[in-house]
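**Student:** Kindly return the folded structure for what I paste below:
(chains A, B, C and D)
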2 protein chains.
Amino acid sequence: MGVQERRAREKKELRQEILDAARDLFVREGFENVSMRKIAEKIEYSPTTIYLYFRDKSDLLDCIIEETFARLVRKQTLLEQTVADPVERLEKGLRSYVEFGLKHPNHYKVTFMMPEPPVTDPELCPRSREMGQKAFANLRNMLAECVEKKLLEIDDLEATAQAAWAMVHGLTSLMIAKPHYKWAERNHLIDTLLGTLMRGLTAKSPVAV
Amino acid sequence: MGVQERRAREKKELRQEILDAARDLFVREGFENVSMRKIAEKIEYSPTTIYLYFRDKSDLLDCIIEETFARLVRKQTLLEQTVADPVERLEKGLRSYVEFGLKHPNHYKVTFMMPEPPVTDPELCPRSREMGQKAFANLRNMLAECVEKKLLEIDDLEATAQAAWAMVHGLTSLMIAKPHYKWAERNHLIDTLLGTLMRGLTAKSPVAV
DNA sequence: ACACCCATGTTAACGCTGTTAAGTTTATGA
DNA sequence: TCATAAACTTAACAGCGTTAACATGGGTGT
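**Tutor:** Numbers count the residues shown, from 1 in each chain, chains lettered A, B, ... in the order given. Reported below is the predicted structural model:
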């Protein structure tokens, strides 16, 4: 009897419907302007129904963010296979990180620009963080490969990876937070930052501090 | 008759009392966890009284942020007078920016990590932005002086200044947003980022892209 | 001296929020 | 056919920012 299976399928469908509605509102209006009631109205269910499928609002949004960030990870993994030169790959990886953030500002905002809430339940950590971590792990691997192949000389791999991440995050988050600021032309600005960053990594002579 | 003056003084005092209470809560609990009612309770007035002294919540918080950011600007201005070498001054200025942000995470969060609200009243723009702009202007001036004195070669001053700003902002904001992340030791991390940044600015040879 | 007025502050309320407890409907398996 | 469990809704709680309407007390003009 396929009854239970049909039920399970229907349940899954509604869950997906909620996700779709939430993502749509979320992308268009931004995290803090999307209420559970708005999502409920869009799918024509009562607000409390959502709680049958998601623990709470942040759980729901985490699920949305996860699937989007998985795309970034895939994109970067693809880069590993298509770009031979590790230095060029690193530069392209950093660039794709920025471009991804600018393409999905609301997702990026929630994942990297909001203070993480105090950990109440240590085991129920949001999934989206995992994907963010994975993206960073990719970046570090790219950097490590440059060092292995003697293309870069780096003292502290971990610290350098974190610094590089911070730099591309800085540009991404600032442009998201201040869209009305008189920025230099976008691609030129990205080039300038990546140029400085890559030169800073390749230059061997220490600078006076 | 000093009556009006006394009244004005009393009004000023209550205004200051509100600011003090709000700043205290704000620094300790963070922006989104401070409600007007909490502030009112702390000063033992009704919530609506606050609206006699401040347009709304964001106006109140802007006033607090402004006075804090003024300290950063003062600090950087002081640097201009005490550090002779422009390159060293630039590096110290960038460093003080990061340290300031980490010292006042809640202020920094509101000023640079939150999406700016849609401009409703174009003339009633928040004051705090002004101070943030001033801090950035300082940074650009430091950079410009390095170029003037032929200590740095830079193609596009504006884009480079924005990129440098983005880099230090990146580190500051990431460490604020993810305090529980397994960061490298704070000072070492700052050194690593500033080292890469300064090398990237001073290195003349272009890197392959 | 007395009435008025205005600054100051309060109470009550509106419409929103996330979330929970309790109640209702619906369909299924025995 | 009937109890049961799953699915969903209604009503409510406690909080939020903000506004309108009301109270009060003291300085001012006549």
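
**Student:** Quick one: the strands in chain A, in order.
**Tutor:** Here chain A has no strands by DSSP state E.

**Student:** Let me see the domain layout of it.
**Tutor:** Using automatic domain parsing, the domain parsing of chain A gives A:1-54, A:57-202.

**Student:** buried set for stretch A:154-165?
**Tutor:** Across stretch A:154-165, burial judged by 16 or more other Cβ atoms under 10 Å in any protein chain shown covers A:154, A:158, A:159, A:160, A:161, A:162, A:163, A:164, A:165. From N, CA and C alone the C-beta is placed, and that goes for glycine too.

**Student:** If you could redo that for stretch A:133-145, that was the one I meant.
**Tutor:** With burial defined by 16+ other Cβ under 10 Å, the residues of stretch A:133-145 counted as buried are A:134, A:135, A:136, A:138, A:139, A:140, A:141, A:142, A:143, A:144, A:145.

**Student:** need the contact list for residue A:158.
**Tutor:** A:140, B:184 (Cβ atoms under 8 Å, 6 or more residues apart in numbering or on different chains).

**Student:** What residues does the residue in chain A that chain B sits nearest to make contact with?
**Tutor:** For chain A and chain B, the shortest gap (Cβ to the nearest Cβ) falls at residue A:170, measuring 2.2 Å. Residue A:170 makes contact with B:165, B:166, B:167, B:168, B:169, B:170, B:171, B:173, B:174, according to Cβ under 8 Å, 6+ apart.

**Student:** want to try JSON lines for the domains of chain A, with distance to DNA strand D and mean pLDDT as columns?
**Tutor:** Listed next are those as JSON lines, based on distance: least, Cβ to the nearest atom of the strand, whole Å; pLDDT from 0 to 100:
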{"stretch": "domain A:1-54", "distance to DNA strand D": "3", "mean pLDDT": "89"}
{"stretch": "domain A:57-202", "distance to DNA strand D": "13", "mean pLDDT": "91"}
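
**Student:** so of these, which one's packed in deepest?
**Tutor:** Highest mean neighbour count of those: domain A:57-202, a mean of 18 (counted as mean count of other Cβ atoms under 10 Å in any protein chain shown).

**Student:** measure that one end to end?
**Tutor:** With Cα to Cα, to the nearest Å as the measure, domain A:57-202 spans 44 Å from end to end.

**Student:** Could you check how far that domain is from the centre of its chain?
**Tutor:** Domain A:57-202 sits 7 Å away from the centroid of its parent chain (Cα atoms, centre = their mean, to the nearest Å).

**Student:** nearest to residue B:202, of the contacts of residue A:170?
**Tutor:** residue B:167 (14.5 Å; Cβ to Cβ).

**Student:** Now do the closest one against residue B:102, distance only.
**Tutor:** The gap separating residue B:167 from residue B:102 is 15 Å, by Cβ to Cβ, to the nearest Å.

**Student:** circling back to that earlier point, put together a markdown table for the domains of chain A, with distance to residue B:30 on each row.
**Tutor:** Listed next are the domains of chain A as a markdown table, based on distance: least, Cβ to Cβ, whole Å:
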| stretch | distance to residue B:30 |
| --- | --- |
| domain A:1-54 | 14 |
| domain A:57-202 | 7 |
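
**Student:** those helices in chain A, which residues are they?
**Tutor:** When secondary structure is read from DSSP state H, chain A shows helices at A:3-29, A:36-43, A:57-82, A:86-103, A:105-108, A:127-148, A:157-177, A:186-202.

**Student:** how about the longest one against chain B, any contact?
**Tutor:** It stands for helix A:3-29. No: Helix A:3-29 stays out of contact with chain B when judged by Cβ under 8 Å from any Cβ of the partner chain, the minimum separation being 11.4 Å.

**Student:** do the same with the fourth one
**Tutor:** Yes: contact of helix A:86-103 with chain B (Cβ under 8 Å from any Cβ) involves A:87, A:88, A:91.
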